[in-house]
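> The following block contains a protein sequence and its predicted model.
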Amino acid sequence: MVGQITYYIPYPICNRVVITATTSSGSPAKEIEMENSFLKILINPNAFFQDKINESESLKIPALIVLISAIISAATAYLMVTPSVKMMSSMVAGMDTIIVLAAIVATIVITFISWLVYAGVFYILSTMFKGKGTFNRTLEIVGYGFLPQILGGLITIVVALEYVPRVVVQSIPAGTTDSQVILDATTNLMHDPAMMVLTQTITLISIVFLLWSANIWIFGLQHSRLLSVRDAALCVGVPVVLYIIYTIYKLGAM
């Protein structure tokens, strides 16, 4: 036998995958160890970034995490615009397709923009605390911090599937040009009891999982920018708290 390949896979989601190649004499020829550390990111980000900071910068996995988050968010957006599609479908032919495509594309684009914005804000704020390290490294750790958004997005989809069918939709008649009729129908939709519960629940879910992401970002920024935990918490906490306050205010203004 020329060579022997041994696969060791103790757990499919986390921990590690070790692939060892040996020669016919049994001596190790090549060992590749890949850490699938998603669980570690979620429950022990400090340890994860302590190890990650010693590796070369790479945006592949963070970008994949953000992409999955964007796709799940787009699925939620599709469900959320369904009542609006029903309301406006009679107005103009093809309007339903336009609304759905716009919602999906916008959600995906906004998710990637938010990745850049969060990284940019954290990077700029950390310079005030004499942070070191590259922007790409900050972008990398922020991407990893989107992992809780995947979990939150899946829960949001379940909630939307439960409440969207309960929303009572007032269809706008075909050929309507009266802006007041359109405004009244939109207002009634937004104040539908099921829609209001749905909106409030999704907002609460998004806040909870954003705080989880913030916890990951704090430790990521600490190690990537060589900051104290206090300084990293300030760099992450201030913009995140301000965003949460704005979100709650916007919800109350509905």
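Done, it's in. Residues are numbered from 1 along each chain as shown.
> what about residue 183, how many neighbours?
Other residues lying near residue 183 total 10 when counted by other C-beta atoms under 10 Å. For every residue, glycine as well, the C-beta is placed using N, CA and C.
> For it, report the pLDDT, please.
Note on residue 183: pLDDT of 83.
> Let me see the ranges of the helices in the stretch 101-250 of the chain.
Assigned by DSSP state H, counting those that start in this stretch, the helices in the stretch 101-250 of the chain fall at 135-144, 147-163, 179-190, 193-224, 229-252.
> who's in contact with the spatially most central residue of the chain?
The centroid of the chain falls nearest to residue 149 when counting by C-alpha atoms, centre = their mean (3.6 Å). Residue 149 is in contact with 69, 72-73, 209-210, 213, counting by C-beta atoms under 8 Å, 6 or more residues apart in numbering.
> where does this protein have low pLDDT?
1-36, 92-93, 175, 253-254 (pLDDT under 70).
> neighbours around the closest residue to residue 201 other than its chain neighbours, how many?
Leaving aside its chain neighbours, residue 201 sits nearest to residue 159 (5.3 Å; criterion: C-beta to C-beta, 6 or more residues apart in numbering). When neighbours are defined as other C-beta under 10 Å, residue 159 has 17 of them.
> Now do the contacts for residue 111.
Here residue 111 is in contact with 66, 69-70, 73 (C-beta under 8 Å, 6+ apart).
> so who does the closest residue to it other than its chain neighbours touch?
Closest residue to residue 111 apart from its sequence neighbours, by C-beta to C-beta, 6+ apart: residue 70 at 3.7 Å. Residue 70 makes contact with 107-108, 111-112, according to C-beta under 8 Å, 6+ apart.
> Just the buried residues of those residues.
Listed as buried from those are 107-108, 111; burial here means 16 or more other C-beta atoms under 10 Å.
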